[in-house]
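Trainee: build me a model:
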Amino acid sequence: MMEEELKGKTVLVTGGTGSIGSEIVNQILDCKVKKVMIFSRDEIKHFLVKRRILDTRLETVVGDVRDYRSIQRVFEESDIDLIYHAAAMKHVVICEDFPIESAKTNIFGTQNVVDLALKYKIPKMVTISTDKSAYPVNVMGATKFIAERITLNANFSCVRFGNVANSRGSVIPVLIDNLLNKKPITITDPNVTRFIIGIPDAVKLVIKATEYAKGGEIFILKMKAFRLRDLLEVILDGIAPKLNISKEEVEVDVMGLVPGEKLHEDLINNTETNRVYELDGMYVILRNNEDALRYQNIKKIDLHEYTSKDTELISKDAIKDMVIEYLNTKYGFKNG
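Mentor: A predicted model of the protein is given here:
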């Protein structure tokens, strides 16, 4: 059904060279869209995307969501039908170190995109958010919380999910790269739990949420979680030997939680639980319960919390598959 909705449309993807943004581009190009526009400030990634995707419907624009005039050019020159807003500063530690820069991108950049979407009467916009916005205790979470409010107040929609496996700078690539480069594997706390989902699965659900989006809601992707201790054991006991690295060679540093990090993550906060519904395998937080009348086959649910601590954990075999997928993609490693 979403393929029919996208047929003949022009789609703008901010941050379209990033892990989530580029997969959004990949998946919507499989539909009969008229044009897909990537807006991103990283010219090297633009170059790489254009080498990888040889599709005349793809257009790349170098610019920065912080710069209103920079992104306004895109709206002036194209009749945009749908926006996926994936441009963001997303790394907790970097955002803690550079809070003003984080606010410029995540808050003011989102405001620029929303203002232009309203000015040019774009019918639908979906902002990609994070579990860290549910109970924001760090700069990244706080700025994404405000980005959500900006989006929702304009009657657009958000999709909120947790860690995306093998995305740039996420835990699996960082630990494996250190392993291969003979550097210590540094973790915060082995008891840490995090929600996790693969990049293609996350984007499939983002696109499915777009199909149902009416405006003013937050879609929550149902996710399993992993424990950092399990990932570490998979790397030491299952992956290192396949790379001819003995467990004894690997130095593991446990440094404790850094400022801005939590032991467990939440996807829904306690002010939202009385407005949570289930729709086609997703959770949806509505502005109010009366909004439920806008949807078909939506079901009110009794959900007191949604935390990685109490969520079903993925198996070690599933973690191992994610690690091997990264090794294969980045290094050409073949299992077995």
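
Trainee: hmm, what's the outermost residue in the chain?
Mentor: Largest separation from the mean C-alpha position in the chain: Glu248, at 35.2 Å (C-alpha atoms, centre = their mean).

Trainee: for the stretch 151-300 of the chain, just list every one of the helices.
Mentor: For the stretch 151-300 of the chain, applying DSSP state H, counting those that start in this stretch gives helices covering 171-180, 199-212, 228-233.

Trainee: ok, which of those comes nearest Leu286?
Mentor: Of all the helices of the stretch 151-300 of the chain, it is helix 199-212 that lies closest to Leu286, at 11.6 Å by C-beta to C-beta. Backbone N, C-alpha and C define where each C-beta goes, glycine included.

Trainee: buried sites along that closest one?
Mentor: Across helix 199-212, burial judged by 16 or more other C-beta atoms under 10 Å covers 199, 202-210, 212.

Trainee: what's in contact with that helix?
Mentor: Contact partners of helix 199-212, identified using C-beta atoms under 8 Å, 6 or more residues apart in numbering, comprise 1-2, 5, 19-20, 23-24, 26-28, 82, 84, 124, 126, 128, 157, 159, 161, 164-167, 197, 219, 221, 279-280, 282, 284, 295.

Trainee: now swap in stretch 276-287 and tell me
Mentor: By C-beta under 8 Å, 6+ apart, stretch 276-287 touches 152, 205, 208-209, 212, 216-222, 267-268, 272, 275, 292, 295, 297-301, 303, 306.

Trainee: repeat for stretch 90-105
Mentor: Outside stretch 90-105, the residues that touch it by C-beta under 8 Å, 6+ apart are 65-66, 87-89, 106, 130, 132, 138-141, 143, 169, 258-261.

Trainee: of these, select the buried ones using a PyMOL command.
Mentor: The following PyMOL line selects those of these that are buried, judged by 16+ other C-beta under 10 Å:
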select buried, resi 65+66+87+88+89+106+130+132+138+139+140+141+143+260+261
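
Trainee: burial check on the closest residue to Gly198 other than its chain neighbours, number of neighbours?
Mentor: Leaving aside its chain neighbours, Gly198 sits nearest to Ala165 (5.1 Å; criterion: C-beta to C-beta, 6 or more residues apart in numbering). Neighbour count for Ala165, taken as other C-beta atoms under 10 Å: 24.

Trainee: ok, Ala165 - contacts?
Mentor: Going by C-beta under 8 Å, 6+ apart, Ala165 touches 172, 196-199, 322, 325-326.

Trainee: same thing but at 7 Å, please
Mentor: 172, 196-199, 322 (C-beta atoms under 7 Å, 6 or more residues apart in numbering).

Trainee: which pLDDT value belongs to Leu267?
Mentor: On pLDDT, Leu267 comes in at 95.

Trainee: that one and Lys309: what is the separation?
Mentor: Separation of Leu267 from Lys309 (C-beta to C-beta, to the nearest Å) stands at 12 Å.

Trainee: of these two, give the one with the bigger neighbour count.
Mentor: Using other C-beta under 10 Å, the more surrounded residue of Leu267 and Lys309 is Leu267, with 27 against 15.

Trainee: and that one, how close does it get to Ser170?
Mentor: Taken as C-beta to C-beta, the span from Leu267 to Ser170 is 17 Å.

Trainee: which one of the buried residues of helix 199-212 is nearest Ile235?
Mentor: Ile199 (19.9 Å).

Trainee: disregarding residues adjacent in the polypeptide, which is nearest to that closest one?
Mentor: Glu23 (5.0 Å).

Trainee: can you pull the pLDDT of the one you found?
Mentor: For Glu23, pLDDT reads 94.

Trainee: before we move on, the earlier item: nearest to Phe75 among the buried residues of helix 199-212?
Mentor: Among the buried residues of helix 199-212, Thr210 lies closest to Phe75 (C-beta to C-beta), at 19.3 Å.
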